[in-house]
Each structure stands twice: as C-alpha cells, then as structure tokens.
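J.: For reference, the sequence and a predicted model appear below.
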Amino acid sequence: MALTRRQFLKWAGATGVGAVVFNGCSVPDEEIRVQSPLELPEDLVTGRDNYYATVSPADGEGLLVRVMEGRAKKVEGNPDYPINGGKHGVRTEGLLQALYHPDRIAQPLTRIAPKVGPFRRMGWPEGLETLKATLEAAEPGSVLIVTPPLRGALAGVVRSFANAYGARAAGFEPIGQAPLRRAVADVFGQQALPDFDISRANYIISFGADFLGTWVAPTRFMRGYGEFRQGHRARGRLVQVETRMSPTAAVADEWVYVNPGTEGRLAMAMAYVIIEDGVPPGGTDRAYTGGGGLGQIADYRPGAVAGAVGLPVERIVELARAFADSSHSPALAIGGGSAGAYSNGAANLRAVYALNHLVGAANRPGGVIYNPAPEGDRVDSLSLREWKDELERMRSGEVKVALIKDANLLYGLPAELDAAGALGNVETVVSFSAFLDETAAAAAVILPGHTPLEEWGSDAPEPGPGYRTAGYQQPVVRRFRDTMAFGDVLLQMGAQLGLEGMPGATMREAVRAEARAAHKTGRGSVRAPTFEEFWKRALERGGWWDASAVARSTSPVRQVAKSVAAPAFFGDARRYPFHLVPFEANALGAGQLSHVPWLQSMPDPMTTVAWSSWVELNPQTAKRMDIAQQDVVLVEASNGRFIRAPVYLNPATPPDVAAVPFGQGHAQFTSFAAGRGANLFDILSSGEERDTGALAWAGTRVRITKTNRRAKLPSLEGPDPAVQLADQPIIYIQRSNGGSGAAH
Amino acid sequence: MVTTPDLDRDLTKRPRERSWGMVVDLDRCTGCQACVIACVAENNIPINDESHYHEGRVMSWIRVERYWEGEFPNVKARFIPLMCQHCENAPCEPVCPVYATYHNNEGLNVQVYNRCVGTRYCANNCPYHARSFNYWEPVWPEDLRHQLNPDVTVRSRGVMEKCTMCVQRIRRATRGRDDVPDGEFAPACVQACPTQTLTFGDLNDKSSRVYELSHDERNYTVLKSLGTAPNVTYLKKVED
C-alpha cells in the first residue's frame, strides 16, 4: 500500500494522541516519583579505590586507608587488627590532615646565619651532607637523639644508630606513664602494660583513669565498654573515682569525688574493709599485708582516712563491699591519669592495682590480662627528673648536637625549667619534624620527616591484646612533600659514617627483618611457606599476631601496698586555694595534635568547646567570686607564672577545683595552633612524683583572679550550658529497677 | 577519570523496597566524637573554624549533645548523638518549594543540592536541628582538597545539607544487587563508633540487627509527640 504524506501525518497524530490518552489511565510509579531518574552525583564513580592496611604507632591502632588516584581519602579501623577491631578513635582520622596539611615543611631548611635569622631552602643532598658533617665533627658522647617513646622498627634503628655512633637516645612525652609502669611492675611483676578485659568484667572501679576518653588506649577500652554495658551478659557496673568529671565519669553509674591525691588511701581503706570481711575466694591479701595480717594496714581503716579522702566511712565501706561482692565477680580495678600524677602517684596506683589481687582478678578473664614481655628495642620516655639532668647537660655545654624528632621540648616541659634557654646553648639542633613546632623553630637545620601515612614502620602495640602482636606500617601514598623518613635518614647516616650493626639500608628492610622473625615462628595469624608470601599477606592484613604467645611469667604476690603517703602540693593552700586539675583534651592530647584543623574543631565532650582553652569552675564558687560565664580569669601558680582563659561554669566541678585542658597555647606549630588559648605547661610546677621522678602534673595549686575582660567561648551549645527542657526532653532513662522515664 | 559505568541500567526497574534506618544505644555512648569526625571526613563537611561556633553556624551532620542535670556533687552529664532522623513524616519535606528535599523509596530523607535555592524553610521546620546551611562558600586550603571524598558532592554556598546516611556508600553497596547481607557496609559514623552505639541496616529486613534492636524494650524516638515517625530509634540509657 502506498503511503501518502497526508495519511502518514494523520496516523502518526492519532497514534501519538492514543499513546498519551491510554498511558494516562495508569501512570507508572516511576513517572510520578520526585526522584530524578538521572544519575545522581552519588552514582558517579571517580576512579578505582584501594584500601591499604597500616598502623598508627602513636595510637596503636590498625588502620585501613582508602586511596584513590594516589591520594588518601579516608582512614578507617582495620577489622582484622586485634587492638581496635575495625573501630577508630577521634584522633586517628587526623592522620589525613597531617598528610595534606598546608603548613607542612615542604623541604629541608637551614638558617642563613648560624642559629639566628630566617631559614633558607636546600635540597636533600645538601641537608644530608650538613648532617653528616655535623656528626663527623661532633664528639659522639655529646650528641643527644630525642624522640617520642618508640616501639618497633624505628626504635631499633634509633637504638642501633645511637649505640654504633656513641650517642644517647632519650624519649620525651609531655604526660608520661612512668608511675603506671612502676605500679604494674611492682604489683603484677610485668614489664608490659596489661590489657583490661572490660567486656567480660561485671564491675569496674576506676581511679583517675579516663579510660573511655584519653587514657592509654581508649578505642580498645571503648570496644570493651560497649559490650560491658549491653553485650550478651548482664549489664556491668562502672564506678569512677576522679577529681574532675571526665567523659568516663559522666557515663559511670557512680562518680565519686575524692580529695586530690587521696585515691590510693581510698583504695587502702577499701582493702582494709575487704580483708576484715574476709578475702573473697581466689583472692589474696598479700599485696597489702604480706601475710602479716590486717594490722599491717591498720592506719587505713576507713575511720582513719575518711576525713582526708573526703568520703563518709559508710561510703568507703559500701564501695569496698560492692567491689568484693561475689555477685559482681569478675571485678576489675583500674588506676591512672590524675591519680598517678601527684607526688604519691606510684603509691596511689600500687594501692589501686593491688585491689585486683584481693578479688583474684590478676590475669583472669574479666580482670587484668598480662601481656607478653616487650620484644625488640624500645626508646622509653625519660622522667622529668632525668630531663632536668639533660637540660643541665645542655646548659653546661655537654650536649653539643641535638637530633630531635617530634619531641616538642619547648612546649611540653614546664616553662619554669627554661628548656628554651637550655636548648639555645646547644651548638647544633637538627629537627626532623614535619611541622614547625616550637622546638623545630629553634633548630639550625630542619630535615623534615614523613607523616605516618607515608612511611614504613612497625608497632608492638602497648597495651597489647594479651598476646604477641606486631603491626606493620606501610606508605599508603607516595610522599606528598620533599621529605624523608627519620629512620631512613639515620640508616643513610649510619652507612655514610661506616657504622656497623644497623638493621638494614632502609626502613623497609628494617621492618622486613622484624617480619622475618615472625615468619620463622611458623605460628600466628599469617603462615606461609616462603617469606615473600608471608610478607605480602602480613602487609595486606596490617600485621601479624600470635594468640598462643601469651604472658608466661607470673610472679608471687609481694607486699607492695603497705602505705600511701599524703600528696605534696605545690603552692600554699591559703594563697593558692584551688587545685589545678589539668586534663588531656579529647582530640588534641597534650598539644601534640593541635596543628590538625579537624581535631581543633572537634567539640570537647563535656563542655562542647572547640578551638580554645577554658577554665572550669564550680558555678557557686564563681558566683561568690563574682565571676560569670566567659569572664576571663587569671590562673596563677606559686611559681609566679600565670595564664589567662575564659571561664566555663561547669556544674560538675568541685568547689575548690579549677580544671583546665592541655593542648592549646602554642607559639608555633602551624597557623591552626599558633596564638590560640593558653599552654598549661607555662604554669605547671616542675614537682616530681616521688618514686619515678615523673612530672606530678596534677599537684599544682593556683589562685583565680577575675580580670576585666570577657571572651566568647566557641562552643557547640552556645553561651549557656545546655540542660534539657522539662516538657520536651530528648534523653530517656531506663531505671535498672525497672522504672523508666525522661531525664530532667 | 570520571566514568558512569551503569548508565544503561534499567531505570524503570524499582529496587527491592528497603527502609534504611539506625539505632542509637545511649547506654553505650561515651560522647567520644569518633562518629562526628568520621562523618566530617567521609562527607566533605567544611572545617568548622572558630567563627562558625561564635555565630552558631557549625556545619555538622551528626553532633553529640551533652546535657547537664543537677549540681555538684549530685550531678549528671548525659550524651546523645543527633543526626537527621530520616522521618517518614518529615516536616522538612512539604515546605521545600523546589522539591530539593524529598523522601526516596528506601526510607531516606534526601537532599538534592542542585535543586536547593536556599530558602532554609526545611531547617526552620526541622525539630531536630539536623540541617546545616552553607552560609559561605566552603573553602579548604589547597592541599587539604586532596583528601576530599570524590564520591560526595562538595556543596556550594546557599545550599542546605544534612545527613544522608552515607547514601554514596549505600549506592556502592547496593548497585545492581537486590540482596546485600546485613552489616556488610555501614555509614562512616557507624563504622567508626568504638562502643557500637550506632547500628545501621534495613528496617524492612526482619532478620537484621537494626530491626531487632529497634524493637528492644528500651526503644523510643526523639520528640515522638511531634509525630514525625523517624527512621532513627534510640535505646534508653540505663541508670540506677
């Protein structure tokens, strides 16, 4: 049939109209959806992503880093890694911004004129030649290598270099764990920090340790805490004894305020009650009595210490009986943080940890889990007492060359020690930091190091999970700036200076040498016929761990908690009426992470303040002093030093306490940290913990004076502390006795 | 390289009905902020500098609120993570004049950035304060742009934004798959949370963990009296 043009147009028109009419009788669902059927931006795929396993030695966490097109995009927990099991803490995410930080030192620098004046850029050949010439010219004994506490391959490289060259290696961390280590060694006979089996405990009493916030390994402890509360067993009970309400105290069933420095005496009194009542089955009182009977600790009967501790006798008895109650078994006692930061810190912690022997919680499920003794080299932190000696050596000219990697002495030592003056007397300071912190700014030469996502390394996490664990750190991206790993610099120097006994030519080789030892055991999470296969698979999994390699050594319980002396405070109580209670900032630590903008912008959990320092005062105390929220006050210590910061009226702050976070007050350390807030180390007394010589950072007394200034606090909740509305609460409470309702 | 690998998929085929939801167990939460920073990193949320706090214009898709109760020594501090509740009866949706916010067929309250004209009616109507408005063009120092997640649009000035339950992760995990095992993937906040306060999954899947927890005896929804029917269920904190 011939089709004319007119006919075609008629039919086409009729068909089109019909299609519209009949289709209109049943509109398909997708046509009335508001959702665009086009590809949304989220559907676009931009390249292929790869995940690389590595570890963060500073946190001990195993990580998976998402990398696309050669750029790291996201840090996540490694689900395989025994420490954090796929989870990560708030600080870990900051590794990304450290990598791409706009203020990173981009290449080696040297002073135009010796020790003064601006830096000029130089290449690595000149930088390494400068370092070599410095080391060749120096008397080896006059060279000091300063790093944070190190474990794993880098510790081996630093130790090997120091030994072969003849230098000394010193670890530095602003808030050390020496009293904790001493207590663990004395009470349990263990060299490695133990793990705490939080998930299987039924009752936990913690003295001063903000273990769900900032203390030791919070991500690991929080994993256990979730199960402790709402796992498959009965809900555990948590009691927190602390001088400031930390996040751990906030979520505890009971927060018990005791007078600062009396935590150990409270533990002794609890022990007295428990021993008097009869030591529970499986427990022993030898740590307190040495087998000599209750008379050994007669000075610590509750009535004798209640006044000093600040608790009624009945309350002490109640706490003791709850801890020893068989229905609460297994019970666990943890101590640390501020409880170990007084002049009597180690004794406090010995008295606390010995409670675990009383209830048979030492190296038992639900209690303190011993870790195998550390293997390989370590660089441990020197105590403050030892650092005072080092500073004297600097002043006397005994130290002529200081090689400093990520140890910010000029920020983190109490200012009254004048570390800047001491370091200024050292002929040549070489910094290996990736950022221009206060100490790097005082260096003559800067040979900038990698950030953790760019370098090889290994970690023996501490505390471990109760068995031998090695995490392998690998570069997940190529170096972003013209930097070189500190370990590689030392290994190159070792080769150029002809030193013997270095663990390899590169950090990668040093890590592989460690991995060979793991491979040879033929046990553990990765087993392979050849080392290369083992290496590949261990890197893929982020490390190697051997659940059969547990702590073997158990020592008889010795009498280690016979007495706890009263704490010495630095400052007269009448002239300096407030206890200064410092605390680590949730995200910034003790100032090591203040350069990371994400971490600066994270609100403090308790006050919701970010980017700033503040002074927490009791509202009633402040009212008596005519101090209002956001008034700037002067916090003055007995050494004549002071800081200024705005007040946060904290209803949980005890009347005679002024709580101030560490972390701010940098003079340098990138545009995100410099000139912000106050550095608490500026006013801290350099008083020491008696047994270990560690900084007694919680022992300073201060006075508070109102100034005529106000400063707006950058906080999430706004100018007034948030309370729930009575008619529209958003947090509901289930009473453990079966009741339920809104929290008002 | 930008590719759109499945543009030729059958766009008329409706996927299996899912209802993505979350459970927040307040008895596990310690207020640690790991969820907050994980969300910031995953979703290209601009850095909240000090001025954002001063002006009350903090950009966050999830925040942890802390409420005081009482005074020393009888004092409590309680934490609650709050994010978009992905309400079935979302007050933000009907007020948007340009359909920039709507409910998709997987239970998500979705924001289409390139439709948004910035009236902020939705934020006014959200009782949970879950929405953040871009008062400024988001700016990152040049080098920090390398960390941006290429799966997530960087929102421009004048656009409203909020929690998507990491829809980019949902799409990656479910593209072309009707059955995704429970727990195979999670939004960034859930993945990071050390205490497992947050649980994510398909509320239509009765075998899922999120379904089981959402029916726990401690369950409640925030501001229930408003009748918003959230897809986020809270479990009460337990106290003496």
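T.: Structure's in. What do you need? All of these numbers come straight from a predicted model, not from anything done at the bench. Numbering: from 1, shown residues only, chains lettered A, B, ... in the order given.

J.: Mind jotting down where the helices sit in chain B?
T.: Secondary structure of chain B by DSSP state H: the helices cover B:34-42, B:50-54, B:121-125, B:167-174, B:188-192, B:209-214.

J.: Give me the helices and strands touching the first one, please.
T.: Contact here means 3 or more CB pairs under 8 Å, 6 or more residues apart in numbering or on different chains; DSSP states H and E; on that basis helix B:34-42 packs against strand A:71-77, helix A:597-600, strand B:62-71, helix B:188-192. To be clear about C-beta, it is placed using only N, CA and C from the backbone, and glycine gets the same treatment.

J.: ok, and what's touching it?
T.: Outside helix B:34-42, the residues within contact range by CB atoms under 8 Å, 6 or more residues apart in numbering or on different chains are A:74-75, A:87-90, A:93-94, A:96, A:219, A:587, A:598-599, A:602-603, B:45, B:60-64, B:81, B:83, B:147, B:149, B:152, B:163, B:166, B:169, B:187-194, B:197-198.

J.: most distant residue from the middle of chain B?
T.: B:Pro73 (35.9 Å; CA atoms, centre = their mean).

J.: residues contacting it?
T.: Going by CB under 8 Å, 6+ apart, B:Pro73 touches A:257, A:654.

J.: I'd like to know the predicted local confidence at the spatially most central residue of chain B, please.
T.: Nearest residue to the geometric centre of chain B (CA atoms, centre = their mean): B:Cys163, 3.0 Å. We have a pLDDT of 98 for B:Cys163.

J.: is it true that it touches B:Pro81?
T.: No - if you go by CB atoms under 8 Å, B:Cys163 and B:Pro81 don't touch, sitting 10.7 Å apart.

J.: Where do the strands of the stretch 401-550 of chain A begin and end?
T.: A:401-404, A:428-431, A:445-446, A:457-459, A:467-473, A:543-550 (DSSP state E, counting those that start in this stretch).

J.: what pairs with the third one, and is each one parallel or antiparallel?
T.: In the sheet containing strand A:445-446, the strands it pairs with under DSSP bridges are strand A:109-113 (antiparallel), strand A:428-431 (parallel).

J.: just to revisit the earlier point, can you tell which of the helices and strands packed on helix B:34-42 is closest to A:Leu497?
T.: Evaluated over the helices and strands packed on helix B:34-42, closeness to A:Leu497 peaks at strand A:71-77, with 34.6 Å, by CB to CB.

J.: Can that closest one be said to contact chain B?
T.: Yes - Strand A:71-77 is in contact with chain B by CB under 8 Å from any CB of the partner chain, via A:71-77.

J.: Taking the stretch 301-450 of chain A, what residue is nearest to chain B?
T.: Chain B sits closest to A:Gly310 of the stretch 301-450 of chain A, with a gap of 10.0 Å, by CB to the nearest CB.

J.: Who are the contact partners of that residue?
T.: Applying CB under 8 Å, 6+ apart, we find A:Gly310 in contact with A:257-259, A:262.

J.: Then A:Thr451?
T.: Counting by CB under 8 Å, 6+ apart, A:Thr451 touches A:95, A:98-99, A:101, A:104, A:434, A:480.

J.: Make a markdown table out of the helices and strands packed on helix B:34-42 and add distance to B:Cys87.
T.: Shown next, in a markdown table, are the helices and strands packed on helix B:34-42 (distance: least, CB to CB, whole Å):
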| stretch | distance to B:Cys87 |
| --- | --- |
| strand A:71-77 | 28 |
| helix A:597-600 | 29 |
| strand B:62-71 | 16 |
| helix B:188-192 | 18 |
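
J.: So which of the ones you listed is nearest B:Ala77?
T.: Nearest of these (CB to CB): strand B:62-71, 5.7 Å.

J.: That closest one: which residues count as buried?
T.: For strand B:62-71, the neighbour count (16 or more other CB atoms under 10 Å in any protein chain shown) marks B:62-69 as buried.

J.: No more questions from me, cheers.
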